[in-house]
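> Sequence and predicted model, in that order:
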Amino acid sequence: MDDVAMIGEFFEKALDAKIISKTRMVDDSFSLKLSLLDQVEINLYNTEFVKKYSPMVSLEMPSLMFVVDDIEETHEQVAKYAKDISTVSVQGNQKVFSFADPEGHYFAVGN
């Protein structure tokens, strides 16, 4: 993640995330701890910080699927902020869509 503040702001707007904490790191970058969808907490770190201080950690973004109750409402909200978002489709017995954050990391949403 190159711009932690921008991605944090994106999640605040698109998925109503709440910033739980902001931590200044030893290299003067900072990490954000976000609460998403009342069930998930994630920490966002600057890529350069991870490369320098935790070189053994993979820099690949994990595949994440957020599970929501009202997928159409969530799709409508995320669509206001995501540059790339799929339509809602049915896969198996659930509705799903995917979207990218401003840095191009993709996430899925299902119900």
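Sure, I can see it.
> what about the strands in the protein?
With strands called from DSSP state E, the chain shows them at 18-24, 30-36, 40-44, 65-67, 89-91, 94-100, 106-110.
> partners of the lowest-mean-pLDDT helix or strand in the chain, with directions?
Lowest on mean pLDDT, DSSP states H and E among the helices and strands of the chain sits strand 40-44, with a mean of 87. Using DSSP bridges, strand 40-44 pairs in its sheet with strand 30-36 (antiparallel).
> which ones are touching residue 49?
25, 27, 29, 31 (CB atoms under 8 Å, 6 or more residues apart in numbering). Any C-beta I mention is one placed from the backbone N, CA and C, and that applies to glycine too.
> any idea of the pLDDT on the nearest residue in space to the second one that is not next to it in sequence?
Nearest residue to residue 27, sequence neighbours excluded (CB to CB, 6 or more residues apart in numbering): residue 49, at 5.5 Å. pLDDT, the model's per-residue confidence, is 94 for residue 49.
> can you pull the buried residues of the least confident helix or strand of the chain?
42, 44 (16 or more other CB atoms under 10 Å).
> what angle do that strand and strand 18-24 make?
30 degrees (axes from the mean of the first three to the mean of the last three CA atoms, to 10 degrees).
> List the contacts of strand 40-44.
Strand 40-44 is contacted by residues 1, 4, 7, 8, 20, 31, 32, 33, 34, 35, 36, 66 when judged by CB under 8 Å, 6+ apart.
> what residues are up against residue 78?
Residues in contact with residue 78 (CB under 8 Å, 6+ apart) are 14, 15, 85, 97, 99, 109.
> Any of those residues buried? List them.
Buried residues within the contacts of residue 78, counting neighbours by 16+ other CB under 10 Å: 14, 15, 85, 97, 99, 109.
> Thought residue 74 was touching the second one, still the case?
Yes - under the criterion of CB atoms under 8 Å, residue 15 lies in contact with residue 74, with a separation of 7.4 Å.
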